[in-house]
Each structure stands twice: as C-alpha cells, then as structure tokens.
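S.K.: Show me how the following folds:
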Amino acid sequence: MRKLLTFFLQLFTFWLPAAHAADVPMAGSLAPTFALKDQGGKVQKLEDYRGKWVVLYFYPKDDTPGCTEEACKFRDDMMEITQMGAQVLGISVDDSASHAKFAAKYNLPFPLLADEGGTTAKAYGAFSDWGLFGIAKRYTYLIDPQGRIAKVYLKVDTSKHSADIIADLKALRK
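M.R.: So this is what the prediction gives:
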C-alpha cells in the first residue's frame with residue numbers, strides 16, 4: 001500500500017491545485033500558530049522559536065524522491081542556516097513514527113512535525129484534499145523573529161530551495 005501511495009504521489013504531485021490567494025497567509029501577516037509532535041514525540045510550538053528566523057517547509061510525503069532531495073539539501077546547508085539564526089522545521093501529514101524513520105535514514109538534524117489531521121497545513125493554505133486522504137503541498141514560509149511571515153514560496157524547486165532560502169535570509173537580515 002505504501003509503495004502504491006508513494007507512486008501515486010510522485011506521479012500526480014505536479015497536478016496539485018494551486019491555493020487561492022485568500023487561503024495562503026501573505027508576507028507581513030502573523031504566522032498561524034501550531035503545536036505539533038516531532039519525530040521524537042516532543043511537542044514543538046511556533047512560539048518556542050520567537051527571536052529566531054524559522055524556515056517552515058511543508059512537504060507531501062516522507063522518503064519520496066522530491067521530499068528526500070529537499071530535506072537533504074536543508075541538512076547539507078544546516079550550518080549556514082543556523083549561523084544566520086534560523087531554524088528549519090519540516091511539516092507533512094505523516095505521523096511521528098514515519099518522520100523518525102525518515103530523519104534517521106537521512107540524518108536530518110531538524111524537527112519533522114506530524115500534522116496528521118492537516119490542521120496546520122490548512123492554516124497555511126498548504127493542504128491538498130484528495131478525498132480519501134490529504135497531503136501537504138510543497139510550500140515554504142520564511143518567518144521572521146517576531147513571528148511574522150517574511151516570504152512565501154508557493155513554487156519550490158527541491159534541488160535549489162535551500163540555496164534560495166539562504167540567499168533570502170541574507171537579504172532580509174540586512
């Protein structure tokens with residue numbers, strides 16, 4: 001079943017409907033709050049990161065090619081990201097156990113948050129409802145130290161997304 005679901009997600013991810021502008025919190029707005037368990041079962045809250053930049057990235061499914069590439073790019077660039085005072089948080093609708101396997105397999109040094117009901121993804125306009133199941137869209141929000149959305153990424157190239165975030169963090173921190 002998992003392999004079939006993974007195949008389906010890979011095949012149809014590019015068909016995900018775009019969010020309506022009204023559904024997506026825009027730059028300048030206060031970021032929607034959340035309290036979600038990470039891969040270790042610890043509850044992570046957005047307010048825990050006040051005073052830091054937050055790279056909040058939503059992704060469709062653990063251990064699929066695009067999601068793995070994106071996560072590993074963030075992993076590889078983690079030192080530079082943290083030196084700029086930023087924290088990476090990944091969110092999908094997978095559960096904590098799935099996140100734990102994914103994080104361990106690829107040595108991911110940042111929290112992966114389990115949004116099993118899709119509530120947080122919906123608050124960020126990053127949820128795609130497929131009837132029998134839903135997945136997170138590949139959206140990213142760069143949140144400033146005061147908890148406001150500084151930049152929204154609705155089209156993400158997984159091969160260079162981390163580099164784009166670094167460039168934008170450099171520009172926004174000036």
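S.K.: Quick one: residues contacting Tyr106.
M.R.: Thr68, Ala71, Cys72, Arg75 (C-beta atoms under 8 Å, 6 or more residues apart in numbering). For glycine as for every other residue, the C-beta is placed from the backbone atoms N, C-alpha and C.
S.K.: Where does the closest residue to the second one other than its chain neighbours sit: helix, strand or coil?
M.R.: By that I understand Ala71. What sits nearest to Ala71 in space, not counting adjacent residues and going by C-beta to C-beta, 6 or more residues apart in numbering, is Leu108, at 5.6 Å. The three-state label given to Leu108 by DSSP: H, G, I helix; E, B strand; the rest coil is coil.
S.K.: just the helices in this protein please.
M.R.: 2-12, 65-76, 78-83, 96-106, 119-123, 161-172 (DSSP state H).
S.K.: Tell me how far the closest residue in space to Arg50 that isn't next to it in sequence lies from Val43.
M.R.: In this structure, Arg50 finds its nearest non-sequential neighbour in Gly147, 6.0 Å apart by C-beta to C-beta, 6+ apart. Remark: distance between Gly147 and Val43 (C-beta to C-beta, to the nearest Å) = 18 Å.
S.K.: Could you check which of those two is surrounded by more residues?
M.R.: Gly147 (16 against 11; other C-beta atoms under 10 Å).
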